[in-house]
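Asker: I would like to see how this sequence folds:
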Amino acid sequence: MKKALLILLCFVFTLPAMAQAGNRLQKIDSLMNYYYSNNKFMGSLSIRERGQLVYDKAYGFADVQTKQEATKDTRCKIGAITKMFTATLIFQLIEEKKLSLKTKLSEFYPKIKNADKIDIAALLNHKSGIYDINSDPTFPQFVTKLQTRKTMLDRLYAYEPVFAPNTKAEYSNTNYLLLGYIIQDITKKTYKENVAQRIAKKAVLKNTYYYGKTNPKRNEAYSYAFENGSWKKQDEWHETAIGGSGGLVSTTADLTKFIQALFDAKLVNAESVAEMNKIDMGYGKGVLNFMFAERRFTGHNGTIEGFTSVLGYYPKEQIGFSLILNGANCDFNELVLGILSCYYKLPYRFPDFATKVTVDESILKKYEGKYTNPAMPFVIDVTLVEGVLRVHADEQGTFYITPKSQTEFMHEASGVVMEFTPAGFILKQNGTSTPFTKKQ
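Answerer: Numbers count the residues shown, from 1 in each chain. Here you go, the predicted model:
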């Protein structure tokens with residue numbers, strides 16, 4: 001489960017949207033098939049408008065070895081999207097007066113360092129300062145094996161705080177592992193039972209539950225990585241090492257149904273939904289916010305094994321979407337950007353998977369810097385991140401560019417081309433050319 005927030009963007013240098021021909025859902029299907037035919041992903045996508053599914057399709061295999069094709073009802077692990085379910089359960093208990101946002105962790109686990117200073121609210125929005133168990137150097141060794149609660153807690157007791165509670169926010173799966181334990185302690189039922197009775201039953205989610213060993217005969221998918229020209233099955237994580245931080249399986253249709261029910265106040269009341277959506281230091285209480293053009297979506301993203309997923313909801317339009325990949329060989333954010341661009345009929349070019357140019361890192365380093373144009377009220381910052389050039393402009397967005405030559409780079413989705421020169425770069429888009437000068 002990655003710590004980084006999902007960021008969707010539309011580069012607002014983009015000229016006004018041109019009319020798009022054809023049905024937007026057909027274009028989305030064309031995009032998905034284009035990615036799939038180029039071995040860029042396997043998975044499923046659902047879009048729900050005002051409670052009604054308008055798009056619900058699967059691509060690829062649940063089991064590559066047996067050639068078992070995935071269906072729209074194939075269950076996949078959803079990773080950190082599970083945190084939305086855990087937060088919902090916590091707010092149900094708060095509404096039942098069995099817990100409060102100010103309840104201290106010390107009432108349950110006093111051996112956790114700083115437990116007397118950490119409350120439920122701090123756990124929910126990652127302000128506890130508790131070390132992220134997924135960052136433990138031994139995590140890869142124990143995550144694939146059955147773990148007792150005692151063994152897991154003993155690990156947590158040994159961790160030193162990363163920072164003082166409520167002084168900052170930093171993503172930690174440990175927070176939600178503990179919240180899952182607290183749910184069990186209060187209800188005297190397993191996390192699995194709580195999800196089944198308190199959420200799945202209420203929202204009528206037929207394909208959402210606490211996972212066990214994957215069984216394709218139950219229409220459950222394995223996860224894969226694309227290596228040496230083929231899909232390679234990934235090792236499974238044991239659910240006891242993940243718990244309330246990432247232990248659920250679901251389908252994209254179920255996830256969009258869940259988030260619709262959540263925002264319709266069918267799982268918790270409207271006051272609780274509003275509290276969950278209060279963003280503090282970048283985090284809500286069990287939810288994340290991310291932008292697409294002028295729209296602010298609420299939801300979560302997740303990664304576990306080879307699965308990558310996202311769930312988003314735009315309350316104003318009552319639009320929910322979910323994408324789960326059980327095999328990813330692409331830039332996930334770029335795929336989501338493409339889907340939403342097609343949905344909202346914004347200018348979008350399918351990426352060119354045929355062209356691949358390699359530029360030496362020493363040359364890329366020379367392109368780093370801050371660039372300006374007197375007519376533009378912002379500075380463009382170009383930074384080398386893990387071998388790729390990242391472009392950022394305050395209040396304009398962030399995206400990554402890929403090389404088309406040693407000097408020319410492109411953001412495929414928006415059609416932005418940046419041609420670097422000794423003095424700076426020329427920004428090209430939709431027939432326009434705008435020079436930017438590198439600040440010395």
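Asker: Thr74: neighbour count?
Answerer: Close neighbours of Thr74, defined as other CB atoms under 10 Å, add up to 27. Any C-beta I mention is one placed from the backbone N, CA and C, and that applies to glycine too.
Asker: My guess is it contacts Thr251. True?
Answerer: Yes: counting by CB atoms under 8 Å, Thr74 does reach Thr251; the two are 6.9 Å apart.
Asker: joint contacts of those two?
Answerer: The overlap between the contact sets of Thr74 and Thr251 (CB atoms under 8 Å, 6 or more residues apart in numbering) consists of Ser44.
Asker: which residues of this protein score low on pLDDT?
Answerer: Applying pLDDT under 70 to the chain flags residues 1-22, 355, 394-397, 413.
Asker: domain ranges for it?
Answerer: Per automatic domain parsing, the structural domains of the chain span 1-348, 361-438.
Asker: Just say which of those is most tucked in.
Answerer: For those, the stretch with the most neighbours on average is domain 1-348, a mean of 19; neighbours defined as mean count of other CB atoms under 10 Å.
Asker: Quick check: the gap between Ile259 and Phe142.
Answerer: Here the distance between Ile259 and Phe142 works out to 32 Å (CB to CB, to the nearest Å).
Asker: no wait, Arg24
Answerer: If you go by CB to CB, the gap between Arg24 and Phe142 works out to 45 Å.
Asker: and the closest residue in space to Glu49 that isn't next to it in sequence, what is it in contact with?
Answerer: Excluding the flanking residues, the one nearest Glu49 by CB to CB, 6 or more residues apart in numbering is Ile319, at 5.9 Å. Residues counted as contacts of Ile319 (CB under 8 Å, 6+ apart) are Ile47, Arg48, Glu49, Tyr313.
Asker: can you redo those as CSV with secondary structure and distance to Glu361?
Answerer: As requested, these are arranged in CSV below (DSSP: H, G, I helix; E, B strand; the rest coil; distance: CB to CB, whole Å):
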residue, secondary structure, distance to Glu361
Ile47, strand, 39
Arg48, strand, 43
Glu49, strand, 45
Tyr313, strand, 40
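Asker: Name the residues that touch stretch 236-246?
Answerer: Surrounding stretch 236-246, the residues in contact under the criterion CB under 8 Å, 6+ apart are 1, 77-80, 82-83, 85-86, 142-149, 152, 173-177, 179-181, 183, 191, 210-214, 222, 247, 302, 304-305.
Asker: In the beta-sheet assignment, what are the partners of Thr308?
Answerer: Thr303, Leu325 (DSSP bridges).
Asker: quick one: contacts for it?
Answerer: With contacts defined as CB under 8 Å, 6+ apart, Thr308 is in contact with Gly43, Gly79, Asn301, Gly302, Ile324, Leu325, Ala328, Phe332.
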